[in-house]
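S.K.: Turn this into a structure:
(one chain, ligands or ions: 2)
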Amino acid sequence: MDKNNERECNEDLIRERRKCNFNIEELTNIVDGGKARTARRREIQRLLINDPEFLDEIPQDYMSHEDRYSNELRKSAHLMQKLADQESGHDIHQDIGALTGILKDGNPLMVHLSMFIPAILGQANSEQQEKWLGRSLRNEIIGTYAQTELGHGTFVRGLETRATYDPTVEEFVLHTPTITATKWWPGGLGKTCNYCVVMAQLYTQGRCYGPHPFIVQLRDEETHRSLPGITLGEIGPRLGLNSNDNGFLKFENHRIPRTNMLMKHSQVLKDGTYVKPLHNKLSYGTMMLVRVGIVGACSRSLQYAVTIATRYSAVRHQSEIVPGQPEPQILDYQTQQYKVIPQIASVFALIFSARSLSKIQSSVTAKLKDGNTDLLPELHSLSSGLKALSSSDASWGVEVCRLACGGHGYLASSNLPRTYTGTTCAITYEGENTVLLLQVARYLIKSYRSIGKETGASSVSYLADQTSLASSSSSFSNKALVQAFKLSALSLVAEAEARLQKLCDMGQEFYHAWNYCSVLLLKCAEAHTRYYICEKYEQTVDSLKASEGVKNVLQSLCRLYLIYHITLTHGDFLKCGALTPRNIAVLEGEMCDLLAVLRPQAVSIVDAFDIPDELLGSTLGCWDGNVYQRLYDEALKSPLNKTDVPDAYYKYLLPLMKSSL
Ligand SMILES: CCCCCCCC/C=C\CCCCCCCCCCCCC/C=C/C(=O)SCCNC(=O)CCNC(=O)[C@H](O)C(C)(C)COP(=O)(O)OP(=O)(O)OC[C@H]1O[C@@H](n2cnc3c(N)ncnc32)[C@H](O)[C@@H]1OP(=O)(O)O
Ligand SMILES: Cc1cc2nc3c(=O)[nH]c(=O)nc-3n(C[C@H](O)[C@H](O)[C@H](O)COP(=O)(O)OP(=O)(O)OC[C@H]3O[C@@H](n4cnc5c(N)ncnc54)[C@H](O)[C@@H]3O)c2cc1C
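M.R.: Ligands and ions are numbered 1, 2, ... in the order given. Next comes the predicted model:
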């Protein structure tokens, strides 16, 4: 689609784009993280879009379960080949955003890239990396990350798969003792992978040392048949991601060499002596890494959904605002603006906090190299909180965008259903959200109780600021609103701690008191993480060196985000006195003003996300707004439309209709 050719474009969209009062390319660069990143993303996307190998012969929704898998594996393999053929400087971590949309509905190599390789990098010592890293980067071996079992996902300490060390032959014996110990879920495990990283309970010298990672060959490298002692399969259809082969795995006393235990952090020596790690949660490092990545991935899903919903809302006309006047664009309804525009604001919130988290991760990783694990709990808490809020915000945001598109949003061809199923899975995987938020709460309560002791953990330093509890601000600057979030979080933590203490003082064991307060604890964790996101949003926009137009748009979006979230949880702000009922009423009014200010810019802002039509894959969201023709053309692809009268009519309907004669 030639974006300069207005003649091919829907007139409403032309008018919307003429209202733009900021530099779109500049905003695109901010979204990508710099001009060079924009250029690189576009280069990769051009490479993919212009390659016919990525086209589906028929829409995926009409394919059988096997064909979906096979078609996506074909494209994934082609993509890997293509990326490998690129000249130097290729870094998949930087480029993952560029790949969004090319592979649809999960892909069988995703966990190889996002977890198996990172697990080798983060958990294997240098000799082990020498043996497996190059081979996996070159895709000579394909792996997955097999942790979850039928009986346990969340409670990693409860895993049942055993790795028992046998010093006589220097081997580990991997065994699945019960049905509930069957590995269940790992992406690509069913049919694609020939290796995997298995998390299993380590037994040596008669003692259990908890879950540890082991690299295990699953299939023969020549025939791809599963090895003796190993049972593998696929777990069947899911809500979404059905092009992947999420699998199951059982071991029957399967032996692997001692050196297949990933030994960067802890070791088992030849004689079976266990050498413990610097920190006993270092073996959870792969999960932490992916949680950080998920925040950015969620912002991209939301970019797709808001692009579709905003463009469609500009093209769609329905009902009337002024009686008797032409039907307005649905984007003119304030309620529609309230659905769509806060989701646009949310995209930037997620982008900026993902960047901040990624920086913290890099500095913690650097410190770990020097043996310093002090900031690991801080990273665990932040990555858990942000993974949880980003996945739930994005999932809800995508769903709101689907609802904003009315009936057409329910069509597969809108690409909103698939965007939703591909996002909501992140609420569950890589740590179920409630569970992760309770980990954040644990950290908050612990930090609150150790006020006065220097921990160096900056995300919780505000908990020591008791004086702010007494003071509510009368100013409404963005900074002042962020302070209100801080006050609300601090007050919830103080309340939860006091409630916990009271129950303990009354004689309850701490763990029962904890469970009894866990709804409130969840709120603490959410409020704390929301405060973090709001603070990063405000600081990033405030310090941004940008043209006036771009800065104004981002200031308005940031302000909308702050006020939107205050109105959603206003009870917490009232309860702690951070805001008065009058303040809330004023802010609610201002939110409506902001919707009106941002409304004329909405299409241009989503244009700045710069998602090519071929990747957006939506009848409703295309650049040219030619929605109705596309919907009709897609409907014609239904196999039921190949004949006027389907066979099923003769088989079932005709006999029924004639039976009463
Ligand atoms: C062709 C393909 C193209 C694709 C391109 C892809 C390219 C990718 C490139 C790069 C990768 C980057 C990443 C990008 C990602 C973006 C996309 C994402 C797609 C990913 C696909 C994912 C598929 C899904 C995989 C999975 O789901 S794997 C399984 C995940 N499972 C879990 O997360 C389990 C959750 N449970 C736990 O983590 C733990 O059990 C627990 C809940 C934390 C509790 O642990 P426990 O040991 O019981 O601890 P406690 O007793 O509660 O606490 C003790 C103590 O420890 C602290 N703690 C806990 N965890 C940690 C930690 N990780 N670090 C530090 N500290 C920790 C805890 O706070 C306690 O501390 P205190 O005692 O001090 O309070
Ligand atoms: C699409 C998808 C892909 C996946 N890919 C992989 C993979 O590649 N590798 C892999 O190993 N795993 C994978 N998983 C598994 C995933 O990691 C687990 O499903 C996840 O960790 C949740 O565990 P669970 O299913 O046991 O849920 P459960 O823990 O049984 O959760 C059920 C309910 O119990 C609640 N609950 C559990 N514990 C607590 C608690 N302590 N406090 C309060 N409430 C609690 C939860 O909040 C939830 O409401 C995948 C899952 C999905 C959906």
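
S.K.: Point out where the protein drops to low pLDDT.
M.R.: Scanning the chain for pLDDT under 70 picks out the ranges 1-2, 4-5, 86-95, 454-457, 467-475, 661.

S.K.: let's go with 80 and repeat that
M.R.: Applying pLDDT under 80 to the chain flags the ranges 1-7, 84-98, 100, 452-457, 466-475, 660-661.

S.K.: Up against ligand 2, what does it have?
M.R.: Taking C-beta under 6 Å from any ligand atom as the criterion, the chain approaches ligand 2 at residues 111, 144-148, 152-154, 185-187, 241, 246, 425, 428-429, 431-432, 434-435, 438. Quick note: C-beta positions are derived from backbone N, CA and C, even for glycine.

S.K.: Which members of these occur in strands, if any?
M.R.: Among those, the ones falling in strands (DSSP state E) are Tyr145, Ala146.

S.K.: Provide the secondary structure category for Leu249.
M.R.: Secondary structure, DSSP: H, G, I helix; E, B strand; the rest coil: Leu249 is strand.

S.K.: separation between it and Gly143?
M.R.: 12 Å (C-beta to C-beta, to the nearest Å).

S.K.: the more surrounded of those two?
M.R.: Gly143 (30 against 27; other C-beta atoms under 10 Å).

S.K.: Skip the chain neighbours and tell me the closest residue to the more buried one.
M.R.: Phe116 (3.4 Å; C-beta to C-beta, 6 or more residues apart in numbering).

S.K.: Next, the contact list for Ala635, please.
M.R.: By C-beta atoms under 8 Å, 6 or more residues apart in numbering, Ala635 lies in contact with Ser413, Asn641.

S.K.: now it: how far from Leu27?
M.R.: The spacing between Ala635 and Leu27, counted by C-beta to C-beta, is 35 Å.

S.K.: picking that back up, give me the common contacts of Leu249 and Gly143.
M.R.: In contact with both Leu249 and Gly143: Cys196, using C-beta under 8 Å, 6+ apart.

S.K.: what sits against Tyr338?
M.R.: Leu595.

S.K.: Ramachandran angles for the closest residue to ligand 1 within the chain?
M.R.: Closest residue of the chain to ligand 1, C-beta to the nearest ligand atom: Gly293 (2.5 Å). Backbone torsions of Gly293, given as degrees, to the nearest 10, read phi -60, psi -30.

S.K.: distance of the closest residue to it other than its chain neighbours from Tyr145?
M.R.: Of all residues not flanking Gly293 in the chain, Ser114 sits nearest, at 6.7 Å (C-beta to C-beta, 6+ apart). For Ser114, the distance to Tyr145 equals 9 Å [C-beta to C-beta].

S.K.: Of those two, give the one with the bigger neighbour count.
M.R.: Taking neighbours as other C-beta under 10 Å, Ser114 and Tyr145 compare with Tyr145 leading, 28 against 23.

S.K.: if I pick the residue nearest to the more buried one when sequence neighbours are not counted, what's in contact with it?
M.R.: Spatial nearest neighbour of Tyr145, chain neighbours left out: Met115 (3.7 Å); criterion: C-beta to C-beta, 6+ apart. Neighbour list for Met115: Thr144, Tyr145, Val197, Thr286, Val290 [criterion: C-beta under 8 Å, 6+ apart].

S.K.: got it, and Cys298?
M.R.: Cys298 sits next to Leu350, Ser390, Ser391, Asp393, Ala394, Thr423, Ala426 when contact means C-beta under 8 Å, 6+ apart.

S.K.: and the first one, what helix or strand is that in?
M.R.: The secondary structure element spanning Leu350 is helix 334-369 (assigned by DSSP states H and E).

S.K.: does any part of that helix sit near ligand 1?
M.R.: No. Helix 334-369 lies out of reach of ligand 1 by C-beta under 6 Å from any ligand atom, never closer than 9.9 Å.

S.K.: Toward the C-terminus, what is the element adjacent to that helix?
M.R.: helix 376-404.

S.K.: what is the orientation angle of that following helix with helix 334-369?
M.R.: Interaxial angle, helix 376-404 versus helix 334-369 (axes from the mean of the first three to the mean of the last three C-alpha atoms, to 10 degrees): 160 degrees.

S.K.: Against which helices or strands is helix 376-404 packed?
M.R.: Applying 3 or more C-beta pairs under 8 Å, 6 or more residues apart in numbering; DSSP states H and E, we find helix 376-404 packed against helix 285-315, helix 334-369, helix 416-428, helix 433-449, helix 518-543.

S.K.: Would you mind giving the domain segments of the protein?
M.R.: Annotated domains of the chain cover 6-104, 118-277, 286-459+476-606 [automatic domain parsing].

S.K.: rewinding a little: top of the contacts of Met115 by neighbour count?
M.R.: Going by other C-beta under 10 Å, Thr144 tops the contacts of Met115 with 33 neighbours.

S.K.: Verify the stated contact: that residue with His112.
M.R.: Yes. When contacts are counted by C-beta atoms under 8 Å, Thr144 is listed as touching His112 (6.4 Å).

S.K.: who touches both of these two?
M.R.: Residues touching both Thr144 and His112 (C-beta under 8 Å, 6+ apart) are Gly188, Thr192, Cys193.

S.K.: Redo those as CSV? Include distance to Leu262 and neighbour count.
M.R.: CSV is the format used below for these (distance: C-beta to C-beta, whole Å; neighbours: other C-beta atoms under 10 Å):
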residue, distance to Leu262, neighbour count
Gly188, 19, 29
Thr192, 21, 26
Cys193, 16, 29
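
S.K.: Weed out the non-buried ones from the residues of the chain next to ligand 2.
M.R.: With burial judged by 16 or more other C-beta atoms under 10 Å, the buried subset of the residues of the chain next to ligand 2 is 111, 144-148, 152-153, 185-187, 241, 246, 425, 429, 431, 438.

S.K.: rewinding a little: now, among the contacts of Met115, which is nearest to ligand 2?
M.R.: Nearest to ligand 2 among the contacts of Met115 is Tyr145, at 5.0 Å by C-beta to the nearest ligand atom.

S.K.: Dig out what that closest one forms beta bridges with.
M.R.: Counting by DSSP bridges, Tyr145 forms beta bridges with Val197.

S.K.: what's near enough to touch it?
M.R.: By C-beta under 8 Å, 6+ apart, the contact set of Tyr145 is Val111, Met115, Phe116, Ala119, Pro186, Cys196, Val197, Met199, Thr286.

S.K.: Okay, and the beta partners of Val216?
M.R.: When bridges are called by DSSP bridges, Val216 pairs up with Cys196.

S.K.: Is it in contact with Asn194, as I believe?
M.R.: No. Between Val216 and Asn194 there is no contact under C-beta under 8 Å: 10.1 Å.

S.K.: Looking at the two now, which is surrounded by more residues?
M.R.: Neighbours were counted for Val216 and for Asn194 using other C-beta under 10 Å; Val216 has more, 22 against 19.

S.K.: circling back to that earlier point, the residue nearest to Gly293 reaches Val292, doesn't it?
M.R.: No. Applying C-beta under 8 Å, one finds Ser114 not in contact with Val292, separated by 11.2 Å.

S.K.: which residues does Tyr462 contact?
M.R.: Contacts were defined as C-beta under 8 Å, 6+ apart; by that measure Tyr462 touches Ser468, Lys486, Ala489, Leu490, Tyr531.

S.K.: which residues does Asp166 bridge with?
M.R.: Glu171.

S.K.: now it: how far from Cys196?
M.R.: Distance, Asp166 to Cys196, by C-beta to C-beta: 21 Å.

S.K.: The two: which is more packed in?
M.R.: Taking other C-beta under 10 Å, Asp166 and Cys196 do not tie; Cys196 has more neighbours (31 against 13).
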